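Enquirer: just need the structure, nothing else, for what follows:
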Amino acid sequence: MFTIASPAFADHQEMPALYTGEGRDISPPLSFSGAPAAAKSLALIVDDPDAPDPAAPQRVWVHWVLFDMPPATAELAEGVKNLPSGTREGLNDWGRTGYGGPMPPIGRHRYFFKLYALDAVLNLSGTPTKAALETAMKGHILAEATLVGTYQLKKK
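Expert: Modelled structure (predicted):
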């Protein structure tokens with residue numbers, strides 16, 4: 001079974017503040033397992049479908065986009081600086097690459113860490129958006145795994 005997990009929080013549980021805009025805003029540790037043998041690359045999209053207000057969501061906010069990750073990748077360390085060889089980054093909704101942690105303006109938001117096993121290395125040009133990556137992945141997804149963390153601001 002293809003899985004994504006974190007030793008820092010359980011699925012559908014609260015993410016520690018360390019990994020948010022209220023903390024150090026670093027990526028949580030992640031572990032991957034069970035990639036299909038036919039996988040040629042992995043992609044990771046982290047987004048929040050509850051923006052700006054979970055009671056009346058208006059958009060999905062993209063926090064992190066990675067692709068062309070080697071299929072044998074078993075983990076990303078906490079606050080990862082050196083991505084696995086060949087891994088490329090796309091743009092988040094702050095208009096930059098890299099991880100941007102939760103900082104929800106109101107209410108408790110859900111953060112989806114979506115891992116995809118692909119039958120191709122995408123070799124996209126430039127620094128693609130989540131939408132461009134999703135378009136490129138169509139027809140290439142062998143397996144998907146999801147981890148959901150939640151967060152609500154502690155300070156106001």
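Enquirer: which strand or helix spans the residue nearest to the spatial centre of the chain?
Expert: Residue closest to the mean C-alpha point of the chain, counted by Cα atoms, centre = their mean, is Val46 at 2.7 Å. Using DSSP states H and E, Val46 maps to strand 41-51.
Enquirer: and the helix or strand just after that strand, how far out from the chain's middle?
Expert: Once strand 41-51 ends, the next helix or strand along the chain (criterion: DSSP H and E) is strand 59-69. Centre-to-centre, strand 59-69 and its host chain are 5 Å apart (Cα atoms, centre = their mean, to the nearest Å).
Enquirer: now do strand 59-69, average pLDDT.
Expert: Strand 59-69 comes out with an average pLDDT of 98.
Enquirer: show me what the next helix-or-strand element following it is packed against.
Expert: With elements assigned by DSSP H and E, the helix or strand that comes after strand 59-69 is strand 75-76. With contacts taken as 3 or more Cβ pairs under 8 Å, 6 or more residues apart in numbering; DSSP states H and E, strand 75-76 sits against strand 30-33. C-betas here are computed from N, CA, C, even on glycine.
Enquirer: residues in contact with the strand it packs on?
Expert: 2-7, 42, 44, 73-76, 113, 115, 145, 147 (Cβ atoms under 8 Å, 6 or more residues apart in numbering).
Enquirer: pull out the buried residues from stretch 22-42.
Expert: 25-30, 32, 35, 39-42 (16 or more other Cβ atoms under 10 Å).
Enquirer: what is the most widely separated pair among these?
Expert: Farthest-apart pair in these is Asp25 and Lys40; separation 31.7 Å (Cβ to Cβ).
Enquirer: wait, what's in contact with Gly79?
Expert: Gly79 makes contact with 24, 26-27 under the criterion Cβ under 8 Å, 6+ apart.
Enquirer: how close does it sit to Pro29?
Expert: 9 Å (Cβ to Cβ, to the nearest Å).
Enquirer: could you dump the contacts of Gly79 to JSON lines with pLDDT and distance to Arg96?
Expert: Below are the contacts of Gly79 laid out as JSON lines (pLDDT from 0 to 100; distance: Cβ to Cβ, whole Å):
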{"residue": "Arg24", "pLDDT": "97", "distance to Arg96": "17"}
{"residue": "Ile26", "pLDDT": "98", "distance to Arg96": "15"}
{"residue": "Ser27", "pLDDT": "98", "distance to Arg96": "14"}
